[in-house]
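>>> here are the coordinates; sequence isn't available:
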């Protein structure tokens, strides 16, 4: 290492993907510096802040407020956020809740670790829609195995529940047991012919990797009190233990390039707004699906006037998430959600089929989040008192169900992140502005799933059935620096290396060419691990 | 970027309910808007009891009647009372009237009191008091003032079938064999 502010590999972002890459690099003997825009915090503080939130924040699913912001690294706040500017037909469907903090947004994730289906990587060639990935599921599969091992994914040993069935290794540990609500839902759905599975997730069903088994706090989002849920901080600490260095509250804003358009250094502002230059041999941008394209666009220089890695004009385009709908209902018999992790069971029958040439895939999941706070707030608002109030709280807490339906959105160039021309942060860097429309492919898919949802409600003998009519975000940000073989229509190649800069890599969801309909983190990590291998090979060469 | 998010210093109360009771009672005592009747009530307090303690006692007594709970934490009560006063300038007067009603012996329970005060200024005050104890928070000037989560009464009617999210429930998979409480089996230890 040349000096204290240079490294073989400079990783920008310390979320799960950046941390994984940093860990892989130090294990290979490379010097690594992680630059994180947000602050470092402690689990106990986050938990304390969560438990000191007003009950209405709990009832409304506030995942952001437990996490303090750095003055120079704003992120979307719960409620009236003014950081992420949203426009377009379905602007509300992109209201993301990500963090800028050491360890990243997996501080408050559900931990669900789905794999893409093999066909999800070849949508264009199979169904004539979307894009194909530049490599196959078979090439990615070993990295899925590795990602599951690193994070400690629990999943069903029953192969009939594997989605997809193409696996070369068993899950690291058996699934966490269902609580009463998931058990009942799975029984009813299975009896009716649906394929309902234990969702694989990065939560310990037994002590693993120095972390304890799940204690059923039912607060995976926003914070696991004991670390039974995997968080990116695990690999941040592993990377540091292996020799990596971390600078928090370091906001990268500029990328230097040489005559060959190789990246030579990045510049960051520290917590005192002092600028520093960091040279390196290779650079990895792992700043999440929104902050990565924001940085690439803002870091435009003379040789790259439209932004770093943006000769294709694809940086910031193809923004994806999983547009969601919810179905709420009240069952006749008590279900008592809230026992065990927040999400446990899912119907996977509609992840694939010939219909995908016309409308999107979906996954239907029963939320196992405790309904206690929402039941209490709702019953109080009804103006009840005394025994009627207690009875209504009990009925709503025990019998209210919420289903989350996630849809597969396609990469569309017009779903685009730009730098805001109107607002800048405290460093003078423009806010991200996203224009978003889920598209007819998703809208048709939403129409198609409604009869299924009503059928499920009927099976559960439920009343007060309501399906939301506007799409919500799911915080699974993808796109923005999409991967492909053609430098004219993609940002990075099959190694996740920028077509324009042969020592600049992008890790995370920003590179993914298809969203599938399931939570994206495991795929993001698998792709990042693939990228890390290619990076190590390149540096050795 | 909003200015209230510019600091790493937690903006949330770190130890809200555990605030010293004596300090809160002292604050109550120092407040200028104590009505004549409260002062009178305080004057009737037992020897050695401060006027503020008497007011706090009346609030807790009314709260016990309004919530049907015999065990209510007076420190939480002090926090809720302060927040209710801050949220609505008319709460103090309504509280005084409600306290008198509750102690009059005319009403067998809160349902009867609630029915009797409908359409009067006492009604929203009663509902606000109940909401405060059940949610552990009060909206003051459009912002929620957090007093307690762990002691919010909304968790009591479901204590046999649920727990407070964020608290550990037990050993891994212990929930797999939990019995399903019936709706009619309301916990009795409230």
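Perfect, thanks for sending it. Note that the structure is a prediction, hence the values are computed from the model and not measured. Numbers count the residues shown, from 1 in each chain, chains lettered A, B, ... in the order given.
>>> quick one, strands of chain B?
Secondary structure of chain B (DSSP state E): strands at B:137-140, B:143-146.
>>> Looks to me like residue A:536 is in a strand.
No: Residue A:536 is assigned helix when assessed by DSSP: H, G, I helix; E, B strand; the rest coil, not a strand.
>>> Nearest spatial neighbour of it, chain-adjacent residues omitted?
residue A:28 (4.7 Å; Cβ to Cβ, 6 or more residues apart in numbering or on different chains). The way it works is simple: take the backbone N, C-alpha and C, and place the C-beta from them, glycine included.
>>> neighbours around residue 78, how many?
No chain specified, so I'll use chain A. Close neighbours of residue A:78, defined as other Cβ atoms under 10 Å in any protein chain shown, add up to 16.
>>> wait, chain B
By other Cβ under 10 Å, the residues close to residue B:78 number 27.
>>> wait, isn't it in contact with residue B:53?
No: the criterion here is Cβ atoms under 8 Å, and residue B:78 misses it with residue B:53 at 9.7 Å.
>>> what ranges of chain B fall below the confidence cut-off?
For chain B, the stretches with pLDDT under 70 are B:1-52, B:188-190.
>>> Going by proximity to chain A, name the top residue of it.
Per Cβ to the nearest Cβ, the residue of chain B with the smallest distance to chain A is residue B:154, at 2.8 Å.
>>> and the nearest residue to that residue once chain neighbours are set aside, how far is that from residue A:370?
Distance criterion Cβ to Cβ, 6+ apart; nearest residue to residue B:154, sequence neighbours excluded, is residue A:376 at 2.8 Å. Look at residue A:376 and residue A:370: by Cβ to Cβ, to the nearest Å, they are 11 Å apart.
>>> Quickly list what's touching both of those two.
Common contact partners of residue A:376 and residue A:370 (Cβ atoms under 8 Å, 6 or more residues apart in numbering or on different chains): residue A:397.
>>> which residue is nearest the centroid of the chain?
Just going to use chain A. residue A:476 (3.7 Å; Cα atoms, centre = their mean).
>>> Switch to chain B, please.
residue B:133 (3.4 Å).
>>> Check whether it really touches residue B:63, as I assumed.
Yes: in this structure residue B:133 lies within contact range of residue B:63 using Cβ under 8 Å: 5.9 Å.
>>> which neighbours do those two share?
Common neighbours of residue B:133 and residue B:63 (Cβ under 8 Å, 6+ apart) are B:69, B:72, B:80.
>>> And these, which is closest to residue A:255?
Nearest to residue A:255 among the shared contacts of residue B:133 and residue B:63 is residue B:80, at 53.8 Å by Cβ to Cβ.
>>> And for residue A:164, the neighbour number?
Count around residue A:164 with other Cβ under 10 Å applied: 18.
>>> now do residue A:430
Residue A:430 has 17 neighbours, counted by other Cβ under 10 Å.
>>> pLDDT at whichever residue of chain A sits closest to chain B, what is it?
Relative to chain B, the nearest point of chain A is residue A:376 (2.8 Å; Cβ to the nearest Cβ). Among the per-residue scores, residue A:376 shows a pLDDT of 97.
>>> thinking again about what came up before, now go through the shared contacts of residue B:133 and residue B:63 and say which are in helices.
residue B:80 (DSSP state H).
>>> what are the ranges of the helices in chain B?
For chain B, the helices defined by DSSP H occupy B:21-30, B:36-43, B:51-67, B:74-87, B:91-102, B:110-117, B:122-135.
>>> Which one of those lies nearest to residue A:354?
Closest approach to residue A:354 among the helices of chain B (Cβ to Cβ): helix B:122-135, 49.9 Å.
>>> So what touches the closest one?
A:54-56, A:376-377, A:380, A:383, A:385, A:389, A:393, B:62-63, B:66-67, B:69, B:72, B:80, B:83-84, B:87-88, B:90-91, B:94-95, B:97-98, B:101, B:110, B:113-114, B:117, B:138, B:147, B:152-154.
>>> which of the residues you listed are buried?
In terms of neighbour count (16 or more other Cβ atoms under 10 Å in any protein chain shown), the buried residues within those are A:54-56, A:376-377, A:380, A:383, A:385, A:389, A:393, B:62-63, B:66-67, B:72, B:80, B:83-84, B:87-88, B:91, B:94-95, B:97-98, B:101, B:110, B:113-114, B:117, B:138, B:147, B:152-154.
>>> Now do the buried residues in the longest strand anywhere in chain A.
The strand spanning the most residues in chain A, taking DSSP E as the definition, is strand A:275-285. Going by neighbour count (16+ other Cβ under 10 Å), the buried part of strand A:275-285 is A:278, A:279, A:280, A:281, A:282, A:283, A:284, A:285.
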